[in-house]
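**Student:** Got a predicted model here, sequence first, then my questions.
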Amino acid sequence: MVSTKYFWRICCLLPLGLAGCTTVPSDLGRADVDALIAERGWSVPTQGPRLDALLTEPLTPDAAIQVVLINNPGLQASLARLGFGAADVYAAGRLSNPSFSAGWLDSDAVGEGTQRTLGVALPFADLLTLPARAGMAKAEFAALKSSVAGEVIATLTDAEIAFYRHVADRRVQDIRVRRATAAALAVELAARFHAAGNINDRELAEQRAAAAEAQLERLEGAARVQASRARLAALLGLSTAGGWQVELALAAPPEQERPLAELEALARQQRLDLVAARAEADVLAQRLGVTRWSRWLGDIELGYERERETDGARLRGPTVDLEIPLFNQHRDDLLVAEATLGQAVAGLTALTLEVENGVRLAYAGVNNARARVAVYRDNLIPAQADVVARTQEQVNFMLTGVFELLDVKRDELAAQEGYLQSVSDYWIARAELGRAVGARQPAAVGEPVEMESPSEDAGHEHHHNHGGSP
């Protein structure tokens, strides 16, 4: 039979061995975060290319994403949060340290020695709640990993949007530069016509005003290019002064989109903020259950004490200290746990509704952008090209003047600018749809969008004629 002495020693030491079983992953959960991101359509390299290798060529959208994953400081800060969660898991899986007590009491009686008392005590309530606390900490860590992965995906989506916006600004600026150059040439031509008496002062002023407006648009476009480059650079973790460039290709929208019902169902599964909110609500429900029974325990200390009396006799045995829940049954802890769970459940309901509405709104944005692309491509641009062709015929037959031809060519450039902007709006809307769904939309490659460059000196061969001039 095991003696009382050894029985209580085993009871005190066993929890220490159990507590040591809880381990923290060596990568602090980074592999789990990467897996969550990859499951949602983002490419996460295990041993990705070096940053300098990525920057040697103009960046594609996928290459830009790789640069963000490698170099974005904000992502590094988000990933550092995993350390806090790992610390909580470590702490929850271990008991509070035992306390050691010692006492030396001298007797005033003649011939009596010193009474010595040694004791060790362990918080027994910690042992009873250890499995529940460890389980909740792991669940909270899982929710944290979902939250961190969601932050990473949000940053990647921001970078994708910034990429398309910068590409669009660059392409649009090219058109604005051509338009400003053509307007400046038109002013020179108008000045010669005016000197020859072929146009009046008002017509010359009109060309000068048009050239000034084109210059203002060019300057505005240059500012937009700088702003979008700065936004993209911040997400890439690069300096705007660096020599990195982006690939200026824009593809036309694919032929069809995924059904809305499929995207809504996908969002309910893939949105990591929903996953984290559900996990948090589950943890709080577990915590409420633990609080309901553990609040009656109070403080319990299980210990062992060894005492040597003044006469030399030795006393030893177990000790128990119990808190009697007479005046305080810790109902405040129960009320806090219930209120916290109620808030989490209400927040989850609100977030679910927000996600559903967000998917519908983003889907409508994609369809609207697609419709605008179609109107530009199928109606406005062909119509503007026809106007230019018919006006060119009239100039050839001296039925109208060269400045009318320059005006309609400026309108054609404006239509091309709008078309490019609508194409980039589509890809931006598609990225926003991916954000709303919680997963990057599958790659869909359309035909590259190419713009014909209208001749900037069109009409110069007919500069001798200006229909309607005196």
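**Tutor:** Looks like it came in fine. Numbering: from 1, shown residues only.
**Student:** Against which helices or strands is the one helix or strand residue 221 maps to packed?
**Tutor:** Assigned by DSSP states H and E, residue 221 belongs to helix 201-236. On a contact count with 3 or more CB pairs under 8 Å, 6 or more residues apart in numbering; DSSP states H and E, helix 201-236 meets helix 61-71, helix 124-195, helix 402-437. For glycine as for every other residue, the C-beta is placed from the backbone atoms N, C-alpha and C.
**Student:** how far off helix 124-195 does that helix point, in degrees?
**Tutor:** 160 degrees (axes from the mean of the first three to the mean of the last three CA atoms, to 10 degrees).
**Student:** and the helix or strand that helix 201-236 is followed by, which residues are buried?
**Tutor:** Next helix or strand after helix 201-236 toward the C-terminus (DSSP H and E): helix 260-270. For helix 260-270, the neighbour count (16 or more other CB atoms under 10 Å) marks 263, 264, 266, 267, 270 as buried.
**Student:** Taking the residues you listed, tell me the two that lie furthest apart.
**Tutor:** 264 and 270 (11.0 Å; CB to CB).
**Student:** circling back to that earlier point, of the buried residues of helix 260-270, closest to residue 351?
**Tutor:** residue 267 (11.1 Å).
**Student:** Show the contacting residues for the closest one.
**Tutor:** Neighbouring residues of residue 267 by CB atoms under 8 Å, 6 or more residues apart in numbering: 274, 355, 356, 358, 359, 436, 437, 438.
**Student:** how about those in CSV, adding pLDDT?
**Tutor:** Listed next are the contacts of residue 267 as CSV, based on pLDDT from 0 to 100:
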residue, pLDDT
274, 91
355, 95
356, 94
358, 95
359, 96
436, 95
437, 94
438, 92
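**Student:** are any of those residues buried, and which?
**Tutor:** Among those, those classed as buried by 16+ other CB under 10 Å are 274, 355, 358, 359, 436, 437, 438.
**Student:** My read is that the last one contacts residue 271, right?
**Tutor:** Yes: applying CB atoms under 8 Å as the test, residue 438 and residue 271 come out as touching, 3.5 Å apart.
**Student:** anything in contact with each of those two?
**Tutor:** Common contacts of residue 438 and residue 271 (CB under 8 Å, 6+ apart): 150, 355.
**Student:** low-scoring stretches of the stretch 1-150 of the chain, by residue?
**Tutor:** 1-24, 46-49, 92-96, 105-114, 122, 124-129 (pLDDT under 70).
**Student:** now the strands: where do they sit in it?
**Tutor:** 99-106, 114-123 (DSSP state E, counting those that start in this stretch).
**Student:** from those, which stretch is densest packed?
**Tutor:** Stretch with highest mean neighbour count among the strands of the stretch 1-150 of the chain: strand 114-123 (a mean of 17; mean count of other CB atoms under 10 Å).
**Student:** Alpha carbons of it, as CSV, please.
**Tutor:** Provided in CSV are the C-alpha atoms of strand 114-123 (Å, rounded to 0.1, in the frame of the first residue of the first chain):
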residue,chain,number,x,y,z
THR,A,114,13.3,25.4,17.7
GLN,A,115,10.1,24.4,15.9
ARG,A,116,10.7,24.1,12.2
THR,A,117,7.9,23.9,9.6
LEU,A,118,8.4,23.3,5.9
GLY,A,119,5.5,23.1,3.4
VAL,A,120,4.7,23.2,-0.3
ALA,A,121,1.3,24.0,-1.8
LEU,A,122,-0.2,23.7,-5.3
PRO,A,123,-3.3,25.6,-6.6
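**Student:** partners of it, with directions?
**Tutor:** Strand pairing for strand 114-123, using DSSP bridges, gives strand 99-106 (antiparallel), strand 300-308 (antiparallel).
**Student:** what's the pLDDT at the residue nearest the centre of the chain?
**Tutor:** The chain has residue 154 as the residue nearest its centroid, 1.3 Å off, counting by CA atoms, centre = their mean. Note on residue 154: pLDDT of 92.
**Student:** Next one: it from residue 27, what distance?
**Tutor:** Separation of residue 154 from residue 27 (CB to CB, to the nearest Å) stands at 22 Å.
**Student:** cool, and residue 273?
**Tutor:** In terms of CB to CB, residue 273 sits 23 Å off from residue 27.
**Student:** cool, residue 241 as well?
**Tutor:** 35 Å.
**Student:** swap in residue 292?
**Tutor:** Distance of residue 292 to residue 27, given as CB to CB: 36 Å.
**Student:** residues contacting the closest residue to residue 168 other than its chain neighbours?
**Tutor:** For residue 168, ignoring the flanking residues on the chain, the nearest one in space by CB to CB, 6 or more residues apart in numbering is residue 424 at 3.2 Å. Applying CB under 8 Å, 6+ apart to residue 424 gives the contacts 164, 165, 167, 168, 171, 250.
**Student:** Which pLDDT value belongs to residue 378?
**Tutor:** Note on residue 378: pLDDT of 94.
**Student:** For the stretch 151-300 of the chain, give me the ranges with low pLDDT.
**Tutor:** 296-300.
**Student:** for stretch 314-330, which positions count as buried?
**Tutor:** residue 330.
**Student:** ends of that stretch, how far apart?
**Tutor:** 40 Å (CA to CA, to the nearest Å).
**Student:** average pLDDT for it?
**Tutor:** The average pLDDT within stretch 314-330 is 73.
**Student:** Return the distance of that stretch from the chain's centre.
**Tutor:** Counting by CA atoms, centre = their mean, to the nearest Å, stretch 314-330 is centred 51 Å from the centre of its parent chain.
**Student:** Now do the contacts for the spatially closest residue to residue 449 that is not a sequence neighbour.
**Tutor:** Residue nearest to residue 449 in three dimensions, not counting chain neighbours: residue 250, with 4.6 Å by CB to CB, 6+ apart. Shown in contact with residue 250 (CB under 8 Å, 6+ apart): 164, 167, 168, 171, 420, 423, 424, 427, 448, 449.
**Student:** With residue 268 instead?
**Tutor:** By CB under 8 Å, 6+ apart, the neighbours of residue 268 are 274, 352, 355, 356.
**Student:** Pull up the gap between residue 412 and residue 406, please.
**Tutor:** 11 Å.
**Student:** Those two: who's more crowded?
**Tutor:** Using other CB atoms under 10 Å as the criterion, residue 412 and residue 406 rank with residue 406 on top: 26 against 21.
**Student:** So the more buried one sits against residue 179, correct?
**Tutor:** No: using CB under 8 Å, residue 406 is not in contact with residue 179, being 10.4 Å away.
**Student:** Now for those two: what residues contact both?
**Tutor:** With contacts defined as CB under 8 Å, 6+ apart, no residue is shared by residue 406 and residue 179.
**Student:** In a strand, residue 398, correct?
**Tutor:** No: counting by DSSP: H, G, I helix; E, B strand; the rest coil, residue 398 is not found in a strand; it is coil.
**Student:** Tell me, how many residues neighbour it?
**Tutor:** Using other CB under 10 Å, residue 398 is surrounded by 12 other residues.
**Student:** same thing with residue 184?
**Tutor:** 15.
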